[in-house]
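Asker: model this:
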Amino acid sequence: MKLRNLYFAMAAGLAFTACSSDEPANSGNETNGDFNYVSVRICTPGEMGSRYTDNNKDYDKGTEGESKVTNAMFVFFGANGNISEIVKDVEFQTWKDGNGETIDKETKAVATLTGSSVKPVSVIAILNPPAGIEDDIRQKGSVNAVRQILGNYTNTADGKFMMTNSAYRVGNEDIYAAKITGEIFATKEAALAAEENTVDIYVERVLSKVTVSKSTDFANPSTNLEFVNGLDSKDDAVAVVPVIKGYKLTNVTGQATIVKRIDGVTQDWEWNDPANHRSYWATVPNQNVELFNWNEISTSNPTGEFTQYPCPNNMDSSLPLQAGHTSKATKIVVAAELQVNDKPLDLIRYLDNYYKSEEDFLTRIAYEFATAGVKWAKDETVDDGVDHKTGTYGADDLEIVRYTDANDKVHPYKVIAKIKASALTDKPLADAAIYNEFVNNLRPAIEWKNGLTYYFAEIKHIGFEGQTAELAALIRNHVYKVTLDGITGLGTPVYEPTEDIDPERPTDEPDTYVSARIALLKWRVVGQHLTLE
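Answerer: This is a model prediction of the structure:
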């Protein structure tokens with residue numbers, strides 16, 4: 001029996017809300033000769049959603065643009081796992097509403113196999129394939145290599161959302177390509193008419209979705225601070241107000257695998273949902289993430305209402321994030337400016353005190369220099385009864401410099417004070433060893449220069465009963481609905497607004513928060529409360 005031309009009437013279950021359009025995609029090859037046919041059904045499950053920390057799954061439809069299919073490609077594999085044929089421009093019948101809670105749309109499709117007499121045993125569907133993907137696939141050759149191809153599949157124009165087979169586990173087997181089982185029909189008409197013996201392909205969007213909004217009672221209250229004036233005296237409490245400038249996602253990845261990877265997944269298999277042909281967890285290849293500086297964040301999404309479609313990211317999923325540590329988890333960042341009476345504030349926190357000017361802070365450090373025995377000395381004789389040979393350094397002799405750690409890395413917001421080079425020329429150190437020892441042990445301060453600050457929170461993924469830790473992750477075909485409730489505190493300082501921000505929580509700082517609720521919908525919906533710090 002020849003298999004040059006093999007028709008698959010496909011009802012592929014998309015773990016994605018696939019095409020809501022009733023228009024067929026481009027037609028496939030015309031029939032001629034001795035062909036065989038396989039009936040394939042294509043379904044488009046709705047987007048997934050469940051509330052955070054519970055097991056009640058919720059599913060929702062995607063928009064027309066997110067679900068529209070304008071083109072399709074099928075990659076067939078033989079019994080040895082190698083590619084037997086690639087069929088482009090697959091023809092679809094009219095979409096209809098899907099059956100069951102998780103299916104959005106379903107249809108049948110016909111693919112004519114003309115390039116090989118090898119009987120295929122499995123197939124991967126690629127809906128809305130991007131330009132150049134066929135060459136990438138042919139270079140890989142096998143199902144195991146094809147499914148792990150890493151690419152920039154980020155086109156979110158209507159009818160351009162890439163969708164591929166969903167991945168999940170059945171027993172001890174990870175399912176990445178749909179198995180071709182059942183009857184091989186003698187005619188195309190029989191294959192199209194078949195209601196049984198179909199090859200079912202379930203597909204999902206390659207991207208995740210994040211929607212950010214603000215609650216009706218969003219709040220960014222002021223923080224009352226007492227500033228040190230001079231050495232010891234404190235002024236009356238002043239209201240410091242964080243004025244929000246912009247919102248943005250940061251730590252966003254730029255690539256995704258063609259099919260979701262679940263190899264090596266060690267989470268309890270509550271994550272696995274074979275009844276709905278999907279997994280709620282995956283592994284993401286290690287890659288760089290995109291960071292932004294304060295200037296870029298402050299000019300983005302000023303209303304706090306936006307939608308973005310990031311690539312999956314769970315490279316650093318463990319929470320909570322420790323103070324002073326960074327991770328590659330995707331985060332929501334809020335850029336703000338600390339103000340007093342509608343004017344930006346220079347603010348320095350040193351130990352337990354706040355200083356609203358660099359002069360006040362340097363006055364304190366000059367006092368500590370003198371207490372530690374840091375003095376200047378020089379040979380000078382003036383007959384006026386005043387000792388001009390020794391003395392202590394004043395605030396005017398000092399300057400603020402950015403703190404450099406043991407690895408010679410400049411810290412983003414920590415500062416220390418040193419004696420100016422010009423002052424050392426005029427007033428050389430009496431004992432350089434005393435000065436160096438004191439500076440090496442000086443506790444860094446943190447400075448909000450011009451009041452620049454930011455707040456952030458990791459986007460959390462679904463939790464399950466018995467899970468001992470929270471997880472920060474974006475998984476494909478999940479919708480993360482984030483509702484921001486507000487921010488509190490002073491945030492993380494920004495010393496230089498043109499430097500990329502790798503969000504971290506201030507060390508030895510009072511906790512500061514941005515409160516957010518996150519829900520994951522169909523796509524899969526996740527609902528939760530977040531705290532942005």
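
Asker: Now do the same contact list for Phe438.
Answerer: Neighbour list for Phe438: 368-369, 372, 374 [criterion: Cβ atoms under 8 Å, 6 or more residues apart in numbering]. Just so you know, the C-beta spots here come from the backbone N, C-alpha and C atoms, and that holds for glycine as well.

Asker: let's see 7 Å
Answerer: Shown in contact with Phe438 (Cβ atoms under 7 Å, 6 or more residues apart in numbering): 369, 372, 374.

Asker: what ranges do the strands span in the stretch 301-450 of the chain?
Answerer: Here the stretch 301-450 of the chain has its strands, by DSSP state E, counting those that start in this stretch, at 306-308, 331-340, 343-344, 347-350, 353-355, 375-377, 390-392, 398-404, 410-419, 445-448.

Asker: And Gly489, how close does it get to Ala335?
Answerer: Remark: distance between Gly489 and Ala335 (Cβ to Cβ, to the nearest Å) = 15 Å.

Asker: Check whether Ala329 really touches Ala472, as I assumed.
Answerer: Yes - contact status for Ala329 versus Ala472: in contact at 3.8 Å, counting by Cβ atoms under 7 Å.

Asker: And the strands of the stretch 301-450 of the chain: which comes nearest Pro221?
Answerer: strand 331-340 (12.6 Å; Cβ to Cβ).

Asker: lowest-confidence helix or strand of the protein?
Answerer: Ranking every helix and strand in the chain by mean pLDDT, DSSP states H and E puts strand 47-51 at the bottom, with a mean of 39.

Asker: Spell out which residues are contacts of both of Ala329 and Ala472.
Answerer: 317, 458.

Asker: Give me the residue at the spatial middle of the chain.
Answerer: Against the mean C-alpha coordinate of the chain, by Cα atoms, centre = their mean, the closest residue is Thr330 at 2.3 Å.

Asker: That one and Leu291, how far apart?
Answerer: Counting by Cβ to Cβ - Thr330 and Leu291 are separated by 11 Å.

Asker: which residues in this protein form helices?
Answerer: 64-67, 133-140, 143-146, 188-193, 294-298, 358-371, 421-426, 432-440 (DSSP state H).

Asker: Turn the ones you listed into a markdown table, including distance to Asp396.
Answerer: Listed next are these as a markdown table, based on distance: least, Cβ to Cβ, whole Å:
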| stretch | distance to Asp396 |
| --- | --- |
| helix 64-67 | 62 |
| helix 133-140 | 64 |
| helix 143-146 | 67 |
| helix 188-193 | 88 |
| helix 294-298 | 30 |
| helix 358-371 | 8 |
| helix 421-426 | 8 |
| helix 432-440 | 17 |
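
Asker: low-scoring pLDDT stretches of the stretch 251-400 of the chain, where are they?
Answerer: Under the criterion pLDDT under 70, the flagged ranges of the stretch 251-400 of the chain are 266-269, 380-388.

Asker: in its sheet, what does the strand ranked longest in the chain sit against?
Answerer: Using DSSP state E, we find that the single longest strand of the chain is strand 238-250. Using DSSP bridges, the strands paired with strand 238-250 are strand 223-225 (antiparallel), strand 331-340 (antiparallel).

Asker: follow-up on the earlier one: out of the contacts of Phe438, grab the one that's most surrounded.
Answerer: With neighbours taken as other Cβ atoms under 10 Å, the top of the contacts of Phe438 is Phe369, carrying 25 neighbours.

Asker: leaving aside the residues next to it on the chain, what's closest to that one?
Answerer: The shortest distance from Phe369 to any non-neighbouring residue, by Cβ to Cβ, 6 or more residues apart in numbering, is to Tyr393 (5.6 Å).

Asker: Next, the contact list for that neighbour, please.
Answerer: 366, 369, 374, 376, 419, 423, 427.

Asker: Mind doing that once more with 6 Å?
Answerer: Residues in contact with Tyr393 (Cβ atoms under 6 Å, 6 or more residues apart in numbering) are 366, 369, 419.

Asker: got it, and Val210?
Answerer: So Val210 contacts 308, 480 (Cβ under 6 Å, 6+ apart).

Asker: gap between the residue nearest to the centre of the chain and Glu458?
Answerer: On the measure of Cβ to Cβ, Thr330 and Glu458 end up 7 Å apart.

Asker: Now do stretch 249-260: distance from first to last residue.
Answerer: This stretch, stretch 249-260, spans 22 Å end to end (Cα to Cα, to the nearest Å).

Asker: ok now it, how far from the chain's centre?
Answerer: Distance of stretch 249-260 from the chain centroid (Cα atoms, centre = their mean, to the nearest Å) equals 8 Å.

Asker: Need the residues that contact it.
Answerer: 147-150, 152-153, 164-165, 167, 176, 206, 282, 287, 289-292, 308, 310-313, 328, 330-331, 333, 476.
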